[in-house]
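K.L.:
Structure here, sequence nowhere to be found:
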């Protein structure tokens, strides 16, 4: 089985910190926050072996892009496959936000 190199942008760490803070502010149980973080880790593992299973972002935006996404609870993990060997995760954004504008 082919294994892709995973690269995670600095913005992803900031996105995760912001999501966790927001969840705490809304009174989310710590166990649910931990479950969310585990889902992110599982998504990273999935990207290393099967990045093509994500959905094409072009289907949800008004421009063509090679980026793909996974849904993790109410969030979108945005990534791109580079040279068929690297997976670059660029953002994790709230699905119910104006995430398209963030990507432009």
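P.N.:
Okay, I see it. Remember, predicted model here, so these are calculated numbers, not experimental data.
K.L.:
Quick one: residues in contact with stretch 2-13.
P.N.:
Contact with stretch 2-13 is made by 44, 47-49, 51, 81, 85-92, as judged by CB atoms under 8 Å, 6 or more residues apart in numbering. Quick note: C-beta positions are derived from backbone N, CA and C, even for glycine.
K.L.:
gap between residue 25 and residue 18?
P.N.:
For residue 25, the distance to residue 18 (CB to CB, to the nearest Å) stands at 10 Å.
K.L.:
Could you check which of those two has the larger neighbour count?
P.N.:
residue 18 (13 against 8; other CB atoms under 10 Å).
K.L.:
mind checking how far the more buried one is from residue 59?
P.N.:
Residue 18 is 26 Å from residue 59, by CB to CB.
K.L.:
With residue 6 instead?
P.N.:
The value you get for residue 6 to residue 59, if CB to CB is used, is 24 Å.
K.L.:
Ok, residue 28 next?
P.N.:
Residue 28 sits 30 Å away from residue 59, going by CB to CB.
K.L.:
roughly how far apart are residue 29 and residue 67?
P.N.:
Per CB to CB, residue 29 is found 32 Å from residue 67.
K.L.:
ok, the two, which is more surrounded?
P.N.:
Taking other CB under 10 Å, residue 29 and residue 67 do not tie; residue 67 has more neighbours (18 against 10).
K.L.:
Surely the more buried one touches residue 90?
P.N.:
Yes: at 7.4 Å, residue 67 and residue 90 qualify as touching, with contact defined as CB atoms under 8 Å.
K.L.:
All the strands of the protein, in order from the start?
P.N.:
Ranges of strands within the chain are 5-8, 55-56, 68-72, 75-82, 86-94, based on DSSP state E.
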